[in-house]
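# Kindly return the folded structure for what I paste below:
(2 chains)
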Amino acid sequence: MSMIPIASTVVGAGGTATITFSNIPSTFTHLQLRYFCKDTAVNSNLYYMTATFNSDTGSNYSSHGLTADGATAGSAAQTSASSMRIGLTAGASLQSTSTFVTGIVDILDYTSTNKNKTVRSINGIDANGSGWVYFLSSLWFNSTPAAITTITIPAAVTNFAQYSRFDLYGITNSPATGA
Amino acid sequence: MPVSLASAPATTHGAVVPIAYSTPTGNSFSFTNIPQTYQDLMVVLYPRDTYAATYTGISMGFNGEFGSGTNYSLTRLRGDGSAADSNRASSQSYIPDIGFMPGASATSGIFGANTFHVLNYANTSTNKTVLCRSASDRNGAGWTILSVGLWRSTAAITSMLFASTTAFASGTTAALYGIRTVGQ
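Prediction:
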């Protein structure tokens, strides 16, 4: 098995409202999205990070998750939603402008045209006295399963802040050349 | 002549590149002189402690800052087979118990599975966050844990230290990987 970088987006000084990976090649077996981000909203609030596949904004997403805020462990779910939860993010004031949310999203068998897409995510931020971790599974269950060719991730409130970055990888079943 | 994985592009030789490997047996071990040429770091640690308990924690620090200052903190989610809970540590001199491992009182041959992810480790404008997944089952006991730790420093990470309670037991393995992005 090999992991190959497909695309990368780094947010500049002006911020970015939406991250989009399009024309995702169908030559891999699985996908992994690794991100490091924060919203420019001037508060310390928490917001769900969401994603959609192939521009599908129908009621075709669900998720179940485990959350922890340093004091309490909990669980949350969504059903028949118009976008998929992939984690939590925070406003720019949480901890400091220099502390970001970290997350890893695994999308298995993304090219299948006869399986709905199950997504596994881990995500968290510690802000020295606040913060959370989030572990969840999500589902894209459109009526006709399709290969994922586009992933769209909007900022939760305003824009993704400078230094936010999103890196998409493809995972193959065969060894990398020379590996 | 063998091709160096680190010198070949990620698109042909893969994004995950082994940097270092260790079989520690002392109280702590470090990965040092970490190259600054990757996007993320990943550590896969499979440890056991010689401490006389069924399990104990793994502590962590960066760039030689361990045991002084107050620049570390942690938030944790834990499940032990009967309950889930969460706790936190703030303003610490190292990241305490970010991962866990069986101690000497656990059935022999059982180790803990820990994976640490540090994204954007070389960026000098952002503080450093580490995500850790930790798990160990002991047939009637055990845990699964997701932790996030913070080092309030914008310095690029050049070394990592992992510490046990007493000593890492024989059989402990630790591997450091660099994860490359497009163009690396």
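# Partner strands of the one helix or strand residue B:99 maps to, with direction?
Assigned by DSSP states H and E, residue B:99 belongs to strand B:95-102. Neighbouring strands of strand B:95-102 in its sheet, by DSSP bridges, are strand B:55-62 (antiparallel).
# Downstream of the partner strand, the next helix or strand is which one?
Next along the chain from strand B:55-62, counting by DSSP H and E, comes strand B:72-79.
# what lines up beside that following strand in the sheet?
Here strand B:72-79 has these sheet partners by DSSP bridges: strand B:84-92 (antiparallel), strand B:142-151 (antiparallel).
# Buried residues in the shortest one, which are they?
What that stands for is strand B:84-92. B:84, B:86, B:87, B:88, B:89, B:90, B:92 (16 or more other C-beta atoms under 10 Å in any protein chain shown). All C-beta spots, glycine's among them, are computed from the backbone N, C-alpha and C.
# Now do it, average pLDDT.
The pLDDT scores in strand B:84-92 average 97.
# Over to the longest one?
When the per-residue pLDDT values of strand B:142-151 are averaged, the result is 97.
# which residues does the residue lying closest to residue A:131 once chain neighbours are set aside contact?
Excluding the flanking residues, the one nearest residue A:131 by C-beta to C-beta, 6 or more residues apart in numbering or on different chains is residue B:75, at 4.4 Å. Counting by C-beta atoms under 8 Å, 6 or more residues apart in numbering or on different chains, residue B:75 makes contact with A:68-70, A:124-126, A:131-133, B:86, B:88, B:147-148.
# same thing but at 10 Å, please
A:68-71, A:124-133, B:86-90, B:146-150 (C-beta atoms under 10 Å, 6 or more residues apart in numbering or on different chains).
# Repeat that for residue A:55.
Listed by C-beta under 10 Å, 6+ apart, the contact partners of residue A:55 are A:20, A:22, A:149, A:150, A:152.
# pLDDT score assigned to the first one?
This points to residue A:20. Looking at residue A:20, the pLDDT reads 97.
# Also the third one?
Turning to residue A:149, the model gives it a pLDDT of 98.
# That one belongs to a helix?
No. Membership of residue A:149 in a helix is not supported by DSSP: H, G, I helix; E, B strand; the rest coil, which gives coil.
# If we ignore the residues flanking it in sequence, what's nearest it?
Nearest residue to residue A:149 in three dimensions, chain neighbours excluded: residue A:24, at 5.2 Å (C-beta to C-beta, 6+ apart).
# next helix or strand past the helix or strand containing residue A:124?
Element membership for residue A:124, per DSSP H and E: strand A:117-126. In the C-terminal direction, the helix or strand that comes right after strand A:117-126 (DSSP H and E) is strand A:131-140.
# how about the helix or strand just after that next one against chain B, any contact?
Moving toward the C-terminus from strand A:131-140, the next helix or strand (DSSP H and E) is strand A:151-154. No. Strand A:151-154 does not reach chain B (C-beta under 10 Å from any C-beta of the partner chain); its nearest approach is 15.5 Å.
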